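# Would you be able to build a 3D model of this:
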Amino acid sequence: MEALLSGLLSGALGAIGSGLDERRVEGRSESFIRGRLRGTEVEVFIYNDEAQLQGPGVDQRFEAPDYPSGEALAQAFIDHAVACARMSRGSS
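Model prediction:
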């Protein structure tokens, strides 16, 4: 799911002129994708079954037990990430 979620996030951010900078794969026992929302200090963490946004004014976790499906988790994460990127750009 992490590759799919990363791809969906990249598409959604690209649609508003933003992106995911410093994207890399990390982790020893569990790999995850890490990056930063362009123009912000918000870090993005994407795991196989969860995601997180962390930075000044935001600390949001998107965990499987909190959502009825992987699609619902993905949509909530993407919506929140796009909102963070828009806030940094001063647009709505």
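# In the chain, what residue spans correspond to helices?
With helices called from DSSP state H, the chain shows them at 2-15, 70-89.
# Check which helices and strands the shortest one is in contact with.
This points to helix 2-15. strand 20-26, strand 32-37, strand 43-46, helix 70-89 (3 or more Cβ pairs under 8 Å, 6 or more residues apart in numbering; DSSP states H and E). All C-beta atoms are positioned from the backbone trio N, CA, C, and that covers glycine.
# again, only using 10 Å
Applying 3 or more Cβ pairs under 10 Å, 6 or more residues apart in numbering; DSSP states H and E, one finds that helix 2-15 contacts strand 20-26, strand 32-37, strand 43-46, strand 50-55, helix 70-89.
# pLDDT score for residue 89?
Note on residue 89: pLDDT of 64.
# So which bits of stretch 78-92 are buried?
Buried residues in stretch 78-92, defined by neighbour count with 16 or more other Cβ atoms under 10 Å: 78, 80-82, 84-85, 88.
# try stretch 57-73
Buried residues in stretch 57-73, counted by 16+ other Cβ under 10 Å: 58, 62, 67, 73.
# on that earlier part again, any idea which of the helices and strands packed on helix 2-15 gets closest to residue 12?
The closest of the helices and strands packed on helix 2-15 to residue 12 is helix 70-89. By Cβ to Cβ, the value is 4.9 Å.
# ok, of the buried residues of stretch 78-92, which one's closest to residue 15?
Closest to residue 15, out of all of the buried residues of stretch 78-92 and judged by Cβ to Cβ, is residue 82, at 8.2 Å.
# so who does the closest one touch?
Residue 82 is in contact with 9, 12-13, 15-16, 18, 37, counting by Cβ atoms under 10 Å, 6 or more residues apart in numbering.
# for residue 13, same thing?
19-20, 37-38, 44, 78, 81-82, 84-86.
# returning to that earlier point: can you redo the buried residues of stretch 57-73 as a markdown table with pLDDT and distance to residue 25?
Below are these laid out as a markdown table (pLDDT from 0 to 100; distance: Cβ to Cβ, whole Å):
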| residue | pLDDT | distance to residue 25 |
| --- | --- | --- |
| 58 | 95 | 23 |
| 62 | 97 | 19 |
| 67 | 96 | 24 |
| 73 | 94 | 20 |
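# Cheers, nothing more for now.
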